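Undergrad: sharing a sequence plus its predicted fold:
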Amino acid sequence: EIKERCEGLMAEREEIERRINSYNDHKMRSFFEAFDDVNKHFQEIFAELSFGHGELLLENKEAPFKGGLIIQARPRNKKMQRLESMSGGEKSLTALSFIFALQWHNPAPFYAFDEVDMFLDGLNAERLSKMVKKQSSLAQFIVVSLRKPMIQSSQRAIGVFLGKDGFSKVAGMKSKEEIDEKDDESKENIKRKVPELATASGI
């Protein structure tokens, strides 16, 4: 009877070990499928944002769960760097590329960005605004920004300022049509002023 119980326990143990190995194999396959997909999207998005090359690397490819993830990127006309060696603007573009890559792999319903374009120059801020607009077909974006390209590409802009009492106040809300209309009006005013200035200067 004891021998039969031991044999039964051994059989149960083998079945449990088989299932654990099966789960580990499935976990490994699922991880590499996700990693390869995110890495592919990251390379495409980083190239679009910075005209450079970036990729994701594993510290331990044979045992990925025992190591970390390395983000390596080469912005245009620069050498290949790891994330910690980059400038503030380069870090922003690289981190955003990674976030967008994750979104393409497994979209979330909305994203909240707080002044992510703060460290970017004008050209990169414009590229980022176009990327956010492109990605907005997959999800809703709520972006806090002081940069003109981001505000102009938004569907709706809400002005917020700090009141004398120390509390934030809403100054106004504008749709994209109103923003574009005001921008066109400003251009028309400039066009009207140019001939006036030319006449006043005697040209």
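TA: Perfect, I can see it now. Numbers count the residues shown, from 1 in each chain.
Undergrad: contacting residues for Leu162?
TA: 168-169 (C-beta atoms under 8 Å, 6 or more residues apart in numbering). Every residue, glycine included, has its C-beta placed from N, CA and C.
Undergrad: can you give me the pLDDT of it?
TA: As summarised for this prediction, Leu162 has a pLDDT of 82.
Undergrad: Lys40 now?
TA: According to the predicted model, the pLDDT of Lys40 comes to 94.
Undergrad: so it sits in a strand?
TA: No. The assignment for Lys40 (DSSP: H, G, I helix; E, B strand; the rest coil) gives helix, which keeps it out of a strand.
Undergrad: since we're on it, how many residues are nearby?
TA: Other residues lying near Lys40 total 15 when counted by other C-beta atoms under 10 Å.
Undergrad: check Phe113 too.
TA: By the measure other C-beta under 10 Å, the count of residues near Phe113 is 16.
Undergrad: in space, what's closest to it - neighbours in sequence excluded?
TA: Spatially, and ignoring its direct neighbours in sequence, Phe113 is nearest to Val143 (4.6 Å; C-beta to C-beta, 6 or more residues apart in numbering).
Undergrad: what helices or strands is the strand or helix carrying the one you found leaning on?
TA: Assigning secondary structure by DSSP states H and E places Val143 in strand 140-144. Under the contact criterion of 3 or more C-beta pairs under 8 Å, 6 or more residues apart in numbering; DSSP states H and E, the helices and strands touching strand 140-144 comprise strand 110-114, helix 122-135.
Undergrad: what strands flank that strand, and is each parallel or antiparallel?
TA: Next to strand 140-144 in the sheet, as set by DSSP bridges, lie strand 110-114 (parallel).
Undergrad: next, the angle from the strand it pairs with to helix 122-135.
TA: Relative orientation of strand 110-114 and helix 122-135, computed by axes from the mean of the first three to the mean of the last three C-alpha atoms, to 10 degrees: 160 degrees.
Undergrad: and Ile158, which of the three is it?
TA: At Ile158 the chain is in strand, as set by three-state DSSP.
Undergrad: separation between the residue nearest to it when sequence neighbours are not counted and Gln103?
TA: Counting by C-beta to C-beta, 6+ apart, the nearest residue to Ile158 once its immediate chain neighbours are dropped is Met173, at 5.0 Å. Between Met173 and Gln103 the computed distance is 26 Å (C-beta to C-beta, to the nearest Å).
Undergrad: thanks a lot, see you next time.
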